[in-house]
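A.B. asks: A predicted structure for the sequence below; I have some questions about it.
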Amino acid sequence: MDCVITFRTRRDYRLYRSFIRSASKNLFVSGSSYELIKGIADFLLSRTDLRPKIGIICGSGLGSVATILDVKKEFSYSEIPHFPRSTVPGHAGKLLFGYMGNVAVMCMQGRVHFYEGYDLVKCVMPVRVMKLCGVTHIIMSNAAGGVNEKYNVGDIMIVKDHVNFLGLGGLNPLRGPNDDRWGPRFVALNKAYDQWMRKKAKELASQYQQQGSRTTFHEGVYAVVGGPNFETVAELRMLRKMGIDAVGMSTATEAIAAHHCGMTVFAFSLITNKCVLEYDVEEMPNHEEVIESGLKQESLVKDWVSSLVQAVGNQWLMHTEKGCNGLD
Ligand SMILES: O=P(O)(O)O[C@H]1O[C@H](CO)[C@@H](O)[C@H]1O
């Protein structure tokens, strides 16, 4: 059915026209435009003198990593304009600016997920905010189910690569018009997870083994699925056949956005549950167990992440005179 709109004045017509123009522009970019994200970064930086170099994202039950920070400024996500809010237990929803040793850090105590109802572009918005706050290296953590039968609860997997099941189906945070200020239209991902950081993280991990820790570190492939349901036995069997070691509902999309805008990316999974690949098994995965497993590994994870942050800081010192105390 055709619809005819009449305007009483030329002014009404002009107002209508500009509304339609901005609406069609925002159809693709709402919540994600460079200007909007720059506005958020400026909002944060105008409220702290700290200039972060390293960003950390705490996954489910891993919020305690934030407690190693000497916090200088704290924001609740709800007080940051346009920032998404965490709705999942185990994600405090706080953005912290502080120091780990002499390294200036920005830390998300909790993330947001696609299954919470956010578009992927909104899920990765905090990563881009970090970029515009000056973060060059990002450490992402997550809770994940161990698909590899050799993985046990409490093990840590350094992510060497991922399979993005959302992306393979077309759901990608880079979908839509590309803004070259972030990065190129077609981004290569074969070096998405930084080799130097992975090597350093493995070196640092070996000290726990030497000290007799029972925690095993692995390096493996993380698969992101949409959630929020845990996977079926058939799905998990398929994942294992495909060479996947751990499965979760986050991180890979954030890593794509971070790599796209030129950040150095490191990610790790805490194995919080062993995935059930058999039908005649009583146990069933649940979020409470996921959070509990995170808490049990609290001190080791904090220690390891903190030494990785220091290692990145020392690397900076070797290459720049300024270091990374955020005061340069
Ligand atoms: O990936 P993070 O945020 O650590 O959380 C993981 O834990 C939750 C399931 O218990 C899911 O959100 C999954 O992605």
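C.D. replies: Structure received.
A.B. asks: any idea which helix or strand comes after the worst-scoring helix or strand of the chain on mean pLDDT?
C.D. replies: The least trusted helix or strand in the chain, going by mean pLDDT, DSSP states H and E, turns out to be helix 10-29, with a mean of 55. Next along the chain after helix 10-29, taking DSSP states H and E as the criterion, comes helix 34-45.
A.B. asks: the residue of the chain found nearest the ligand - how many residues pack around it?
C.D. replies: Going by Cβ to the nearest ligand atom, the ligand is nearest to Gly59 of the chain, at 2.6 Å. In short, each C-beta sits where N, CA and C put it, glycine included. A count of neighbours around Gly59, defined by other Cβ atoms under 10 Å, yields 28.
A.B. asks: swap in Glu203?
C.D. replies: For Glu203, the neighbour count with other Cβ under 10 Å is 12.
A.B. asks: ok so it is a helix residue?
C.D. replies: Yes. Assessed by DSSP: H, G, I helix; E, B strand; the rest coil, Glu203 belongs to a helix.
A.B. asks: okay, it: pLDDT?
C.D. replies: Glu203 carries a pLDDT value of 97.
A.B. asks: what kind of secondary structure is Pro126 in?
C.D. replies: helix.
A.B. asks: contact partners for it?
C.D. replies: Listed by Cβ atoms under 8 Å, 6 or more residues apart in numbering, the contact set of Pro126 reads Ile57, Phe83, Pro84, Leu95, Met108, Arg111, Val112.
A.B. asks: so which two of those residues are the farthest from each other?
C.D. replies: Ile57 and Phe83 (13.7 Å; Cβ to Cβ).
A.B. asks: who's more crowded, the two?
C.D. replies: Comparing Ile57 with Phe83 by other Cβ under 10 Å, the one with more neighbours is Ile57, at 25 against 20.
A.B. asks: beta-bridge partners for that one, please?
C.D. replies: Ile57 has these beta-bridge partners by DSSP bridges: Met108, Met140.
A.B. asks: right, and it touches Arg111 too?
C.D. replies: Yes. Contact status for Ile57 versus Arg111: in contact at 5.5 Å, counting by Cβ atoms under 8 Å.
A.B. asks: what residues does the stretch 1-150 of the chain have near the ligand?
C.D. replies: Within reach of the ligand by Cβ under 6 Å from any ligand atom, the stretch 1-150 of the chain has these residues: Gly59, Ser60, Val88, Arg111, His113, Asn142, Ala143.
A.B. asks: my guess is the fifth one contacts Val225. True?
C.D. replies: No. When contacts are counted by Cβ under 8 Å, His113 is not listed as touching Val225 (10.8 Å).
A.B. asks: give the intersection of the neighbour lists for these two.
C.D. replies: Common neighbours of His113 and Val225, counting by Cβ under 8 Å, 6+ apart, are Met249.
A.B. asks: so who does the closest residue to Val290 other than its chain neighbours touch?
C.D. replies: In this structure, Val290 finds its nearest non-sequential neighbour in Thr272, 4.2 Å apart by Cβ to Cβ, 6 or more residues apart in numbering. Shown in contact with Thr272 (Cβ under 8 Å, 6+ apart): Ser60, Gly61, Ala143, Ala144, Gly145, Val153, Glu289, Val290, Ile291, Ser293, Gly294.
A.B. asks: interface residues of the stretch 151-300 of the chain facing the ligand?
C.D. replies: Residues of the stretch 151-300 of the chain lying close to the ligand by Cβ under 6 Å from any ligand atom are Gly227, Gly248, Met249, Ser250, Thr251, His287, Val290.
A.B. asks: in the protein, which spans are helices?
C.D. replies: For the chain, the helices defined by DSSP state H cover 10-29, 34-45, 120-123, 125-132, 165-168, 195-210, 233-241, 252-260, 287-296, 298-319.
A.B. asks: quick check: buried residues in the longest one?
C.D. replies: It refers to helix 298-319. Buried residues in helix 298-319, counted by 16 or more other Cβ atoms under 10 Å: 298, 300-302, 304-309, 311-314, 316.
A.B. asks: check which helices and strands it sits against.
C.D. replies: The contact analysis (3 or more Cβ pairs under 8 Å, 6 or more residues apart in numbering; DSSP states H and E) places helix 298-319 against strand 54-57, strand 94-100, strand 103-109, strand 137-146, helix 195-210.
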